[in-house]
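1. Build me a model:
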Amino acid sequence: MIINNDEIKIVIGAGQYNNNPGWIQTQENELNLLNEKSWKDKYKENSISAILAEHVWEHLTYEEGVQAAKICYKFLKPSGYIRCAVPDGYFRNEEYQIIVRVGGPGPKDHPAASHKIVHNYKTLTEMFEEAGFEVKMLEYFDEAGDFHENTWDGKEGVIFRSKKFDPRNQEELLFPSIIIDAVKK
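-> As a prediction, this is how the structure comes out:
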């Protein structure tokens, strides 16, 4: 059954929390980033307004990330976007880097155990640009360890693990993300 709607907004890898009411919550077994057929079975090309992926793309290699972005690009409307958040490889905190590193911090059942890449703002931007997107940086650390943030609105997709919404980050940044909007040209 193909979903037909004027304003389709999807959360990829929704997890246990619904931070974006009104968005379609999906899991990998329902909508696989690397399986174009799973998208074609549900959506028409150029039909989705927005895709949100919070801490999903680090579970893909760089090449898989480009492939997934290209698939998303086909299904997004012109000017549609992916709001993507991943752990930040330039955040200078040793405990954080141990948690987010490739292979994770310990047991195979830990969610980070399937991390295949630790992005920085450059690799994440390049990956989405390679797929045809224009990238807008929302939150990130640079090579010098300096934090940058640009104005963004949670109405366009809440990223919990952000300076803006995560209570752990209100006094001091403890669990930041690189957050981007990758916009279809």
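2. Verify the stated contact: Glu58 with Asp88.
-> No: under the criterion of C-beta atoms under 8 Å, Glu58 is not in contact with Asp88, lying 10.3 Å apart. Bear in mind the C-beta positions are built from the backbone N, C-alpha and C, glycine included.
3. Now do the contacts for Phe91.
-> Listed by C-beta atoms under 8 Å, 6 or more residues apart in numbering, the contact set of Phe91 reads Gln97, Phe141, Gly145, Leu173, Pro176.
4. at 10 Å instead, please
-> If a contact means C-beta atoms under 10 Å, 6 or more residues apart in numbering, then Phe91 has 97, 100, 118, 120, 140-141, 145, 147, 173-178 as its contacts.
5. Common neighbours of Glu58 and Asp88, please.
-> The contact lists of Glu58 and Asp88 share Val100, Val118, His119, Leu124, Ser177, Ile178, where a contact means C-beta under 10 Å, 6+ apart.
6. are any of those residues buried, and which?
-> Val100, Val118, His119, Leu124, Ser177, Ile178 (16 or more other C-beta atoms under 10 Å).
7. Turn those residues into CSV, including secondary structure and pLDDT.
-> Output for the buried ones among the shared contacts of Glu58 and Asp88, formatted as CSV (DSSP: H, G, I helix; E, B strand; the rest coil; pLDDT from 0 to 100):
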residue, secondary structure, pLDDT
Val100, helix, 95
Val118, coil, 98
His119, coil, 98
Leu124, helix, 98
Ser177, strand, 98
Ile178, strand, 98
